[in-house]
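[1] fold the following, please.
(one chain, ligands or ions: 2)
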Amino acid sequence: MKFKEKIREIQDFPEKGIQFKDITTLLKDGKAFHAAINQLAQPFRHQDIDLVVGPEARGFVVGAPVAYALGVGFVPVRKSGKLPGETLSYRYTLEYGENVLEVHRDAVKPGQKVLIADDLLATGGTTRAVVQMVEQLGGEVVGLTFMIELLYLKGRQLLGHDNITSLLKYKQ
Ligand SMILES: O=P(O)(O)OC[C@H]1O[C@H](OP(=O)(O)OP(=O)(O)O)[C@H](O)[C@@H]1O
Ligand SMILES: Nc1ncnc2[nH]cnc12
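    Ligands and ions are numbered 1, 2, ... in the order given. All right, here's what the predicted structure looks like:
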């Protein structure tokens, strides 16, 4: 499956200088969506994963089906003010702008092995925030998986983890 042909690229969104990778064109293609999720889940089928954690909003679209494919639970990390229970908050900077993320304090139990999933790895700021939140709750991040990796923003280097996979890599 040629997944890159399914991703739409939009120049100067949400601000000048950003080339936005739009996954909605892949998501609406049932065969491509199904194949992409299966490929993302595959390397983790025989790894010891207890939970998939994914950040709002596009991380839900990737993380929840990957969790379903692996037969494990999914934990949402949400933008601030959305979760009803007691939360842990974390502020971070994005390729564009700033953000606050929250997770339920009882969502990850100490010692649980976590796979972090998102649609896209850019600077790595979002994922680093999620890693630190999982670790603060006592979870162990055993892997990270993305549909898209923007190599030129060097998120992989920021994260410094040895089990990062991505389906599509963009050099520019
Ligand atoms: O590696 P980074 O530089 O942190 O960028 C990647 C993040 O940015 C996007 O989310 P965004 O915050 O735009 O939110 P959305 O999923 O609600 O669109 C994307 O879905 C990743 O989570
Ligand atoms: N260039 C980009 N395209 C789509 N989503 C993004 N999130 C951060 N950078 C992005």
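
[2] the longest strand along the chain: how far from the chain's middle?
    With secondary structure taken from DSSP state E, the chain has its longest strand at strand 140-150. In terms of CA atoms, centre = their mean, to the nearest Å, the centre of strand 140-150 is set 6 Å apart from its chain centre.

[3] next secondary structure after that strand?
    Following strand 140-150 in sequence order, the next helix or strand is helix 155-159 (DSSP states H and E).

[4] packing partners of that next one?
    With contacts defined as 3 or more CB pairs under 8 Å, 6 or more residues apart in numbering; DSSP states H and E, helix 155-159 has these neighbours: strand 113-121, helix 125-136, strand 140-150. Yep, even glycine has a C-beta here, placed from its N, CA and C like the rest.

[5] as a markdown table, the ones you listed with mean pLDDT would be great.
    Formatted as a markdown table, the helices and strands packed on helix 155-159 follow (pLDDT from 0 to 100):
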| stretch | mean pLDDT |
| --- | --- |
| strand 113-121 | 98 |
| helix 125-136 | 97 |
| strand 140-150 | 98 |
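
[6] which ones are touching the residue nearest to Gly139 when sequence neighbours are not counted?
    Of all residues not flanking Gly139 in the chain, Val108 sits nearest, at 4.0 Å (CB to CB, 6 or more residues apart in numbering). Contacts for Val108 (CB atoms under 8 Å, 6 or more residues apart in numbering) come out as 51, 53, 75, 114, 134, 137-139.

[7] ok, now with 10 Å
    Val108 is in contact with 50-51, 53, 73, 75, 88, 114, 133-140, counting by CB atoms under 10 Å, 6 or more residues apart in numbering.

[8] ok, and the most crowded of those residues?
    Val53 (29 neighbours; other CB atoms under 10 Å).

[9] host element of that residue?
    strand 51-55.

[10] hmm, whichever helix or strand comes after that strand touching ligand 1?
    Counting by DSSP H and E, the next helix or strand C-terminal to strand 51-55 is helix 58-70. Yes. Residues of helix 58-70 contacting ligand 1 under CB under 6 Å from any ligand atom: 58-59.
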